[in-house]
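Asks: 3D, please:
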Amino acid sequence: METITKQKSYDNWLMTEGAEVLQQLITNKQLLENQQDNEYFYYASQFVKSIRTELYGDWMVLKVISKKEFIDNKSERNMLRIEAIVMEPNENRYIECNHPLEPDTFWNVSAVIPRNRIKEIPEDYTLIYAKYDVEKKPEHLKNVVKIDLTSCRSLRESLLDQLSRIGGPLLVEEATEAFGSDFEKNLTEKLLLLYKPLRKKISEERKKIEQNLSVLADKQKQFEDCNESLTEKQKEWQQILSKIDSYIAAEEKREVEETRDSKEYPWIKEEVVDILQSLIYHNSEDDLIYDERVIETFLRAIQTNTLIILSGPSGTGKSSIVTEFARAIKGAKATLVPVQSGWTDTQDLLGYFNPIDQCYVPTPFMEALADAANDPNHLHLICLDEMNLAHIEYYFSEFLSSREKKTPSIRLYSDRYFSIAKKRLKGEHYNSESESFLNASDLIKRYQSNFKIPSNVRFIGTMNMDHTVKSISPKVIDRSFLIEVDHLDKNKKNKIKKKLVEKEQKGCIDVSIRSLNEIFRVEHAFEKEVQEIIDLSHQLESIANAPLNSRGRKHIISYFDRIPEEALKGSVKEKYFDQIIYSKILPRIELSKKNEEGMKVLEDFQQKIDRYKYSSGKLQRMLADERFIRFW
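Replies: Here you go, the predicted model:
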C-alpha cells in the first residue's frame with residue numbers, strides 16, 4: 001500500500017498540530033453524555049479530517065484482536081464482527097495508539113460486515129490496513145472512527161512484530177541481543193547459510209519431477225494418437241454413449257421436477273385474483289390467507305409499476321405476500337433486502353465503486369437489480385423490508401427521482417472507469433482469469449456506470465408504524481400505492497379458508513411480462529371515473545397535501561386500465577373506488593384535531609365516502625384518535 005506512510009508520530013502530533021482539534025473533541029465529549037450526538041459528530045468529523053490530512057492519509061493500520069461470526073436475527077445473513085486496535089509505524093515495527101479521548105487505554109475500534117462482502121478474513125493479532133471515516137452511529141460515537149471492512153487487506157508483519165505477538169517484549173529483547181539491532185537482516189543471512197545444502201537437494205528433486213513430467217507428456221501423446229485412430233464405428237458408439245448419458249441426466253431432472261407436483265395455469269384476467277389467492281395459500285407451507293382486496297390491490301399496483309408500500313402490524317404477512325406472489329408467477333423472483341437504521345445515503349442501498357481495485361462492490365439490492373437486467377423476460381420483485389427504519393428520502397431519493405424519467409437510470413460511478421474497463425477487455429494481452437479482468441467484465445456486464453433500471457423490476461417496501469421507526473413524507477406517499485395488511489378476523493378467515501380448501505391449486509401462472517403489463521382496453525377509457533376520484537380528493541383542499549395531483553391522476557388511470565372492463569360496471573365499480581380511496585387518498589391525510597376547519601371538512605368527507613366499506617371504516621378509526629388524525 002503506497003499510501004500507508006508515517007508522516008509524524010501520533011503522540012507528537014496530538015501535542016502539536018493536532019492539539020487544538022483534540023482539545024475541541026475532549027471539551028465537547030460531554031455532549032455525548034447529554035445525547036447531543038449531532039454537535040459531538042461535528043467535532044469528531046474535524047478530528048478525523050485532521051488525522052487524514054496530517055497523519056495517516058486515506059488508510060489506517062490496525063491490529064486485529066478478535067473476530068466473531070454470527071447470524072443476524074432479522075436478515076438471517078452470516079455476519080462478521082472484528083475488534084481491532086489502531087496502530088502506527090515506529091522505526092521497523094508498528095505500535096499501539098492510545099485513545100484520543102481516553103489516553104490510558106488503547107484506541108479500540110470495531111466493525112460489522114456481511115460475511116460474503118469481505119474478501120479475506122484476517123487472523124487474530126495480525127495487521128491489516130483499511131479505509132476509514134468518522135463514526136456516525138450514536139452507539140459507537142466514542143470510537144471516533146469507523147472502519148470500512150470491505151476495503152481491508154492483510155499487512156505483512158515484521159519479524160519483530162511476530163516475535164512480540166508470540167513471546168512478548170522479553171523474547172524481542174533476547175532476539176535483539178542474539179542477532180543485533182538489524183535483527184531481520186542478520187537472521188536472514190544465517191538462515192540462508194543453513195538453507196544452502198537443502199537447496200542442492202531441492203534442485204535434484206526438481207530435475208526428477210521434470211523427467212517424470214516428460215514421460216507423462218509422451219503417454220498423453222500416445223493416448224491422443226490412439227483416439228484419432230478410432231474406427232468410424234467406434235466413434236459412432238462414443239456418440240451414442242454420450243447421448244445416453246445426456247438422456248439419463250435429463251430423465252433424472254424430469255423426475256425431480258415431477259415430484260414437485262407443480263402445474264401451470266393460464267393468465268385469465270377475469271380469474272387471476274382468485275387463482276393467485278389459491279396459489280398463495282396452497283404453495284406456502286404456512287397456509288397464508290389474504291383478503292381478496294389486498295391481493296387485487298397488490299396485483300394492480302404491480303401492473304402499474306408504482307412503488308408499493310405494505311403497512312401493518314408485525315406478523316400479518318407483509319413480506320410473505322411478496323415472496324409468495326413471485327412464487328405464483330412463472331419465472332418470477334423476489335429479493336428481500338432488510339433496511340438498516342444507520343442507512344443515510346444511496347451508497348448504503350447500492351454499494352460503492354472501489355477505485356483501487358477498479359471494481360464495483362454491490363449490496364444485495366444492487367445485485368438483485370443486476371440479476372433483473374440480465375433476466376428481462378421475467379418479473380423481479382425487490383422488497384425493502386422495514387423500509388422506514390431509516391429515513392426513506394436519505395437512501396431512496398435517487399430512485400424516487402429517477403423513476404420519473406422516461407428512461408430511469410442511476411449513476412453508479414464515473415464514466416471514465418467504465419471506458420477503462422472496456423479498453424481492458426479489448427486488450428489481447430490480458431489474462432481472462434486475472435482479478436482485474438474479471439472486475440472489468442463485471443462492470444461491463446452487470447454494473448455499468450449509468451445503470452438503467454430494468455423495466456421488469458417492481459419495488460416494494462414493508463413498514464411497521466411504532467415509536468422506533470421514521471414517519472414517511474408526503475413525497476414518498478405521493479409516489480406510492482399504500483396497502484394496509486391487517487389481521488383477518490376469525491370468521492372472515494374461516495370463510496376464505498373454506499373456499500380455498502374446496503379446490504386445491506398448486507403451481508404457478510404462466511404469464512409474460514408483456515401480458516402482465518397489458519392494458520385491457522382503449523387507454524384512458526374511464527376518464528370520467530378517474531375524474532370522480534380526483535374531484536372527491538379535492539374536497540380536502542383545506543388539508544395540506546391531501547388532494548391528488550397530476551401524478552396521482554396518472555396512477556389511477558394506469559390502475560383502472562388494468563381492471564377487466566366488466567368489473568368497472570354497476571355496483572362492482574364501488575370496490576375499485578374503495579381500493580383507490582384507501583390506498584391513494586387516506587394516507588395523505590394528516591391533521592391536528594385542533595384544526596376546526598379541517599375537522600369540518602373531514603366530517604363532510606366521511607359522509608361522501610360512506611358507501612365505500614373499507615375506506616369509510618378506516619377514516620372512522622382515524623377520526624377516533626384523541627389528538628391527531630393520520631393514517632398510521
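Asks: After the helix or strand of the chain with the lowest mean pLDDT, which helix or strand is next?
Replies: None of the helices or strands of the chain scores lower by mean pLDDT, DSSP states H and E than helix 232-258, at a mean of 48. Scanning forward in sequence from helix 232-258 by DSSP states H and E, the next helix or strand is strand 264-266.
Asks: Okay, now the sheet partners of that next one, with direction.
Replies: strand 508-510 (parallel) (DSSP bridges).
Asks: Residues in contact with the strand it pairs with: which ones?
Replies: With contact meaning CB atoms under 8 Å, 6 or more residues apart in numbering, strand 508-510 is reached by 262, 264-267, 272, 275-276, 279, 327-330. C-beta: built from backbone N, CA, C; applies to glycine.
Asks: out of the residues you listed, which are buried?
Replies: 265, 267, 272, 275-276, 279, 327-330 (16 or more other CB atoms under 10 Å).
Asks: Quick check: buried residues in stretch 490-500?
Replies: Buried residues in stretch 490-500, defined by neighbour count with 16+ other CB under 10 Å: 496, 500.
Asks: Can I get the contacts of strand 508-510 in TSV including pLDDT and distance to Lys63?
Replies: Putting the contacts of strand 508-510 into TSV (pLDDT from 0 to 100; distance: CB to CB, whole Å) gives the following:
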residue	pLDDT	distance to Lys63
Ser262	69	54
Glu264	91	58
Tyr265	93	60
Pro266	92	64
Trp267	91	61
Val272	92	60
Ile275	94	60
Leu276	95	56
Leu279	95	55
Arg327	95	48
Ala328	96	52
Ile329	96	51
Lys330	94	53
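Asks: Columns distance to Glu173 on top of these, output as a markdown table?
Replies: Formatted as a markdown table, the contacts of strand 508-510 follow (distance: CB to CB, whole Å):
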| residue | distance to Glu173 |
| --- | --- |
| Ser262 | 72 |
| Glu264 | 77 |
| Tyr265 | 79 |
| Pro266 | 83 |
| Trp267 | 80 |
| Val272 | 80 |
| Ile275 | 79 |
| Leu276 | 75 |
| Leu279 | 74 |
| Arg327 | 67 |
| Ala328 | 71 |
| Ile329 | 71 |
| Lys330 | 72 |
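Asks: any idea which of those is closest to Tyr413?
Replies: Looking at these and their distance to Tyr413, the nearest is Ile329, at 33.3 Å (CB to CB).
Asks: Tell me what that closest one is bridged to.
Replies: Here Ile329, judged by DSSP bridges, has bridge partners Ile509.
Asks: For it, which residues are in contact?
Replies: Listed by CB under 8 Å, 6+ apart, the contact set of Ile329 reads 379, 508-509, 511, 516.
Asks: what do you get if the cut-off is 10 Å, keeping everything else the same?
Replies: With contacts defined as CB atoms under 10 Å, 6 or more residues apart in numbering, Ile329 is in contact with 267, 276, 279, 299, 302, 378-379, 381, 508-511, 513, 516.
Asks: His147 looks like it's in a helix, true?
Replies: Careful, residue 147 is Ile and not His. No: assigned with DSSP: H, G, I helix; E, B strand; the rest coil, Ile147 falls outside any helix and is strand.
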